[in-house]
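A.B. asks: pasting a predicted model and its sequence here:
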Amino acid sequence: MHTITLTIPDETIQALQTTPEDLEQEMLLILAVKLYELGRLSSGAAANLAGIPRTVFLSKLGDYGIDTFRLTEAEIAEDLSNA
């Protein structure tokens, strides 16, 4: 495992009204969500990065406006024609 260190000003933590530990967890989740959205990580790998179960990760995607399922226009059209 690798460690990445970020320097966060005290003012930022105060402005966010959080603790350094809570901010760390939130930042990991946000990073995982974004990498999932970009298609760089699977939902399982993103959940692992965030340190939460995959089912919890999938349920949190909606909080960030991210679709849980990725379908192309063609797949949606095919699904609609089969309905």
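C.D. replies: Received the coordinates, thanks.

A.B. asks: next, count neighbours for residue 30.
C.D. replies: 12 (other C-beta atoms under 10 Å). Every C-beta, even on glycine, is put in place using the N, C-alpha and C of the backbone.

A.B. asks: and the pLDDT at the residue nearest to the spatial centre of the chain?
C.D. replies: A centroid search over the chain (C-alpha atoms, centre = their mean) returns residue 33, at 1.6 Å, as the residue closest to the centre. For residue 33, the model assigns a pLDDT of 97.

A.B. asks: surely it touches residue 60?
C.D. replies: Yes. Assessed by C-beta atoms under 8 Å, residue 33 is found in contact with residue 60 at 7.2 Å.

A.B. asks: got phi/psi on the residue nearest to the centre of the chain?
C.D. replies: phi -60, psi -50 (degrees, to the nearest 10).

A.B. asks: which stretches of the protein have low pLDDT?
C.D. replies: Low-confidence segments of the chain, defined by pLDDT under 70: 70-73, 75-76, 79.

A.B. asks: let's see 90
C.D. replies: 1, 39, 42-43, 67-83 (pLDDT under 90).

A.B. asks: ranges for the helices of this protein?
C.D. replies: Using DSSP state H, the helices of the chain run over 10-15, 20-37, 43-50, 54-60, 73-82.

A.B. asks: now render those helices as CSV, adding distance to residue 66.
C.D. replies: Putting those into CSV (distance: least, C-beta to C-beta, whole Å) gives the following:
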stretch, distance to residue 66
helix 10-15, 24
helix 20-37, 5
helix 43-50, 10
helix 54-60, 9
helix 73-82, 17
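
A.B. asks: quick one, which of these is packed in tightest?
C.D. replies: Compared across the helices of the chain, helix 43-50 shows the largest average neighbour count, a mean of 18 (mean count of other C-beta atoms under 10 Å).

A.B. asks: just want the angle from that one to helix 20-37.
C.D. replies: If you take axes from the mean of the first three to the mean of the last three C-alpha atoms, to 10 degrees, helix 43-50 sits at 160 degrees to helix 20-37.

A.B. asks: by contact count, what packs against helix 43-50?
C.D. replies: Judged by 3 or more C-beta pairs under 8 Å, 6 or more residues apart in numbering; DSSP states H and E, the packing partners of helix 43-50 are helix 20-37, helix 54-60.
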